[in-house]
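Undergrad: Sequence plus the predicted model coming up.
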Amino acid sequence: MEEKVGSVIWISGPVVKARIKTELGMMEMVLVGEDKISGEVIELDGDVATIQVYEETTGLKPGAEVIGTGLPLSVELGPGLISNIYDGVQRPLETILRNTGDFIQRGVQASPLSRDLKWKFTPEVSVGDKISGGAILGSVPESFVVTHKVLLHPHISGKVKSIVPEGEYTIDDTICEIDTGKGVEEVKMYHRWPVRQGRPYKTRLAPSIPLITGQRIIDTFFPIAKGGTAAIPGGFGTGKTVTQHNLAKWSDADIIVYIGCGERGNEMTGVLVDFPELQDPRTGKPLMERTILIANTSNMPVAAREASIYTGITLAEYYRDMGYDVAIMADSTSRWAEALREISGRLEEMPAEEGFPAYLATRLAEFYERSGRVETFNDLLGSVSAIGAVSPPGGDFSEPVTQHTKRFVRCFWGLDKELASARFFPAINYMDSYSEYLDEVENWWKENGDRDWKVQRNEAMEILRHDDKLQQIVRLVGEDALPDEQKLVVDCAKLLKNAFLQQSAFDDMDMYCMPKKQIKMLILIMHFYHRASIIINQGVPIYKLRELLVVNEINRMKSKIDNKKIEEFDLLMSRIDEEMDALVS
């Protein structure tokens, strides 16, 4: 219930202080001034409340009234989220565009979910059923791809007193009545949830199933598990946003939540224009049929930028509770950290390293810990995989945001400026990157790829590490000074880099690589290396191996052999053996 709680006494950018006359809660949402711009209480000191506001404060004066809402910053969770585009505090941008034009007017409010649209609701509970929080009341076809499961608020439980029959209803219609023992609770198709509070679940499970992305360097060398965490740090132009776009398009997540957090407007425009036109390769439908976009560009108020990643992770948790695998892309957490730094400066807090607030690491941990694979209250399995881009100034990975992020993620895909300049994409530096999910996903690869996946992967990594050391010698004295055994390591590393790690997002056959194709390619390259090692030990010079016709076939296999024609790798393997045998016969 809204009521006047005080008046403004001090203004500094997005931070406002107000003298309060009645009780006000920490993290409570308030409305400030004549335009009723929204804000959030972040500090209470006696009768003075500090408020961070989510809109421009130009023209706001001391004496302006502050109205309390009695609620924390919350989001509406119900049918209509999929395909929608929101700002950082869940205002629907397309609705605002229709109502007020291209520019968001200060104080404008719009319902996050349509009150007029009717949804076909099919009940899944009956009168007399005893249900608890998180139970599935029914289902709604939210898009061609996603079936929305209407969930009971986690804090409500009791006996079903009434349930509507199958039919079309708006989200404001009462679809169910629950006798809680303390009264009857009317339940609608949506409920609200505070964004800074993680949604509860029954059990957290080990992340043992890989999130298949179709990108070989990720799936085979540095995999992320469903429910896992990953960081993509890189300087300007190294491909952070494009990598996240590829993950959004090709990963086998059921739902994508993409947060443009403080990115440049033209980058976010590209997302808003491209995503509705992209075709989902799994369903053939538009990618937006399973995507939620949160657009909070760098020219929007910094306080809303700070809230945007909490809004995104809450939406992701909601679909996780329906039993879906959700991937959340935060682009980028550096801009979010900069918003924290600006607000902290306005509050005159003691700065830590590079001016960031001392609680930067805590806030990063709070975000990433909300990922995970869980068993929900309705006995379904769901997951939230958090992938955050980091934009270190000058590509310096020693800066605070990158370093603190490394503490809380288990997958690190470091992008390299030199690789990007050489047009080597994905520009993931295989020497700096790592994944701690190798052991967890090994069993999945044994069942769905190859029993020796981890052995092959580790052996290939050893060749790349050996090559990295040899390159220092090559730069000093040239490759001709190396013995043939070491020249073979350099040649095999080139094969791994060019034929396996490098992947074109514009090649129809190479843009996505199935796990079975990935392991076949890796086995083939390693087979070539083993056969070549034996032949060199028998005295065959390296130049004869380089002249083999099959080498060119190996380099071109990624764009010549289709995902559905895996048997062609066996033919290529036979050609390697034939040409190798001819050298020693």
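TA: Looks like it arrived, so ask away. Numbers count the residues shown, from 1 in each chain.
Undergrad: From now on I want contacts and neighbour counts done on CA atoms only, so please keep to that.
TA: Noted.
Undergrad: low-scoring pLDDT stretches of the stretch 401-550 of the chain, where are they?
TA: In the prediction, the stretch 401-550 of the chain carries no residues with pLDDT under 70.
Undergrad: All the strands of the stretch 51-200 of the chain, residue numbers only.
TA: With strands called from DSSP state E, counting those that start in this stretch, the stretch 51-200 of the chain shows them at 65-72, 74-77, 85-86, 119-123, 130-131, 136-141, 147-151, 158-163, 167-169, 176-179, 184-187, 191-194.
Undergrad: among those, which is nearest Ile463?
TA: When the strands of the stretch 51-200 of the chain are compared by C-alpha to C-alpha, strand 85-86 sits nearest Ile463, at 45.5 Å.
Undergrad: For that closest one, name the packing helices and strands.
TA: helix 93-100, strand 291-296 (3 or more C-alpha pairs under 8 Å, 6 or more residues apart in numbering; DSSP states H and E).
Undergrad: Can I get the strands of the stretch 51-200 of the chain in JSON lines including mean pLDDT, distance to Arg407 and mean neighbour count?
TA: Output for these, formatted as JSON lines (pLDDT from 0 to 100; distance: least, C-alpha to C-alpha, whole Å; neighbours: other C-alpha atoms under 10 Å):
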{"stretch": "strand 65-72", "mean pLDDT": "92", "distance to Arg407": "29", "mean neighbour count": "20"}
{"stretch": "strand 74-77", "mean pLDDT": "96", "distance to Arg407": "29", "mean neighbour count": "20"}
{"stretch": "strand 85-86", "mean pLDDT": "91", "distance to Arg407": "30", "mean neighbour count": "23"}
{"stretch": "strand 119-123", "mean pLDDT": "96", "distance to Arg407": "44", "mean neighbour count": "19"}
{"stretch": "strand 130-131", "mean pLDDT": "94", "distance to Arg407": "40", "mean neighbour count": "18"}
{"stretch": "strand 136-141", "mean pLDDT": "96", "distance to Arg407": "36", "mean neighbour count": "19"}
{"stretch": "strand 147-151", "mean pLDDT": "96", "distance to Arg407": "34", "mean neighbour count": "22"}
{"stretch": "strand 158-163", "mean pLDDT": "95", "distance to Arg407": "42", "mean neighbour count": "19"}
{"stretch": "strand 167-169", "mean pLDDT": "96", "distance to Arg407": "47", "mean neighbour count": "15"}
{"stretch": "strand 176-179", "mean pLDDT": "95", "distance to Arg407": "44", "mean neighbour count": "21"}
{"stretch": "strand 184-187", "mean pLDDT": "94", "distance to Arg407": "41", "mean neighbour count": "17"}
{"stretch": "strand 191-194", "mean pLDDT": "96", "distance to Arg407": "26", "mean neighbour count": "17"}
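Undergrad: To Ile343, which of these lies closest?
TA: Closest to Ile343 of the strands of the stretch 51-200 of the chain, according to C-alpha to C-alpha: strand 65-72, at 18.9 Å.
Undergrad: Ile255: which of the strands of the stretch 51-200 of the chain is closest?
TA: strand 147-151 (11.1 Å).
Undergrad: quick one: contacts of the closest one?
TA: Strand 147-151 has contacts (C-alpha atoms under 8 Å, 6 or more residues apart in numbering) with 78-79, 134-142, 189-190, 322.
Undergrad: Can you point out the buried residues in the biggest helix by length in the chain?
TA: Counting residues, the longest helix in the chain under DSSP state H turns out to be helix 453-477. In terms of neighbour count (16 or more other C-alpha atoms under 10 Å), helix 453-477 has its buried residues at Trp453, Lys454, Gln456, Arg457, Ala460, Met461, Ile463, Leu464, Asp467, Leu470, Val474.
Undergrad: Now the helix or strand that that helix is followed by: buried residues?
TA: Going down the chain from helix 453-477, the next helix or strand is helix 484-495, by DSSP states H and E. Within helix 484-495, the residues that qualify as buried are Asp484, Glu485, Gln486, Lys487, Leu488, Val489, Val490, Asp491, Cys492, Ala493, Lys494, Leu495, counting by 16+ other C-alpha under 10 Å.
Undergrad: Much appreciated, bye for now.
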